[in-house]
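S.K.: model this:
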Amino acid sequence: MGSSVFFLICILHSAIAISCGALMMFYLDKISIVGHGTETASKLWGSTPHDQLLIQTSDSFAGLLLSAIGCLLFMVAFVKDREFQSFFAKGFVLIHVSVAVWRFYFERRLEDLARDWPRQVVGDIVLALSWVFFLIYSWREKYD
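M.R.: The predicted model follows:
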């Protein structure tokens, strides 16, 4: 049963990563407006054509990496080894908590992003909690 929970969590996280990555690669301007608002999004796009090209290239590459992570999560979903699943879940808890801490300490200091960081930290914590719940469920299953 634990492996099916691991499979579901991996597939859910994979779908989130692939869809967010694709949106970042192909619809960055629209997603920025939805996520940050028109005024903040226009500030994040840069002021010169050179800056805009660099920012667009960087964000598209970040979207590509996020899509690649989603594909890797999809592949890992089919692994049945309980030790690996536990190790993998612990790693993702660490990654999500680290991103939340980074947002708290650095992103909140950026004037243009100051109003967005609490919502993003909550999202990071929710993603980390899904892995924590898997770990609790698998430990319960292991020691029962």
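S.K.: could you find the closest non-adjacent residue to Ser60?
M.R.: The shortest distance from Ser60 to any residue other than its chain neighbours is 5.0 Å, reached at Met25 (Cβ to Cβ, 6 or more residues apart in numbering). For glycine as for every other residue, the C-beta is placed from the backbone atoms N, C-alpha and C.
S.K.: can you tell me the helix or strand for that neighbour?
M.R.: helix 2-26 (DSSP states H and E).
S.K.: chain center to that helix, what's the gap?
M.R.: Relative to its parent chain, helix 2-26 has a centroid offset of 9 Å by Cα atoms, centre = their mean, to the nearest Å.
S.K.: next: stretch 82-91.
M.R.: The answer for stretch 82-91 is 18 Å, by Cα atoms, centre = their mean.
S.K.: just the residues contacting it, thanks.
M.R.: When contacts are defined by Cβ atoms under 8 Å, 6 or more residues apart in numbering, stretch 82-91 is touched by residues 2-3, 6, 9, 76, 79, 131-132, 134-135, 138, 142.
S.K.: out of those, which are buried?
M.R.: 2, 6, 9, 76, 131-132, 134, 138 (16 or more other Cβ atoms under 10 Å).
S.K.: now the two most distant members of those residues.
M.R.: Greatest spatial distance among these (Cβ to Cβ): Val76 and Val132, at 17.6 Å.
S.K.: buried ones in the lowest-mean-pLDDT helix or strand in the chain, by neighbour count?
M.R.: The helix or strand of the chain with the poorest confidence is helix 38-44; it has a mean of 74 (mean pLDDT, DSSP states H and E). Neighbour-count burial for helix 38-44 flags 40-41, 44 (criterion: 16+ other Cβ under 10 Å).
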